[in-house]
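J.: quick one: sequence plus predicted model below, questions after.
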Amino acid sequence: MSRLLIHSHDGTGDVTVSVAGEIDLATADDLEQAMNRAAAATTRRLILDLRHVVFMDSSGIAVIFRQQKRAQALARPLIVVRGPPQVQRLLDLTGLSERVELVDEPPGSDGQPRPATTSGG
């Protein structure tokens, strides 16, 4: 059984990549490939949903960083849906949370992302 489940959904021109499980050295390449396919499938926003990720190491951070750089070079937004506290902490510690657009939920039917709430302390 795979430790990482990836599902891509194309809606209204945006592509959402939803991830569940563990993002680590053994699974990061699968995520990178899924993100590359998703980015190639849209000229709009690429949305990475981390709500169901239970573990992420530096391999996952590297994938997100590369995808953010790619999106920036193409002048397209990369939106990251905030993950559980342990994932969010890693994004904060590495400074990646300052480089990507973080939201609490994927964009709604109106296409507008819901801004992430800030957590105290």
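T.: Arrived safely.

J.: for the most centrally placed residue in the chain, give me its contacts.
T.: Residue closest to the average C-alpha location in the chain (C-alpha atoms, centre = their mean): Leu48, at 2.7 Å. Leu48 makes contact with 16-17, 19, 35, 64, 67, 78-81, according to C-beta atoms under 8 Å, 6 or more residues apart in numbering. (Each C-beta comes from the backbone N, C-alpha and C, glycine too.)

J.: just list whatever residues bridge to it.
T.: Bridge pairing for Leu48 (DSSP bridges) gives the partners Val17, Val80.

J.: chain center to the longest helix along the chain, what's the gap?
T.: The residue-count maximum for a helix in the chain (DSSP state H) belongs to helix 58-73. Helix 58-73 sits 9 Å away from the centroid of its parent chain (C-alpha atoms, centre = their mean, to the nearest Å).

J.: same deal with stretch 36-52?
T.: For stretch 36-52 - counting by C-alpha atoms, centre = their mean - the centre lies 8 Å from the chain centre.

J.: got it, and stretch 30-47?
T.: Using C-alpha atoms, centre = their mean, the offset of stretch 30-47 from its chain centre is 10 Å.

J.: and the contacts of it?
T.: With C-beta under 8 Å, 6+ apart, stretch 30-47 has contacts from 4, 6, 8, 10, 12-17, 19, 23, 48, 60, 63, 66-67, 70-71, 74, 76-81, 106-107.

J.: show me which positions of that stretch end up buried.
T.: 30-32, 34-35, 38-39, 42, 45-47 (16 or more other C-beta atoms under 10 Å).

J.: so which of those residues are in helices?
T.: 30-32, 34-35, 38-39.

J.: from the residues you listed, pick the one nearest Leu102.
T.: Met35 (16.6 Å; C-beta to C-beta).

J.: worst-scoring helix or strand of this protein, pLDDT-wise?
T.: strand 114-115 (a mean of 50; mean pLDDT, DSSP states H and E).
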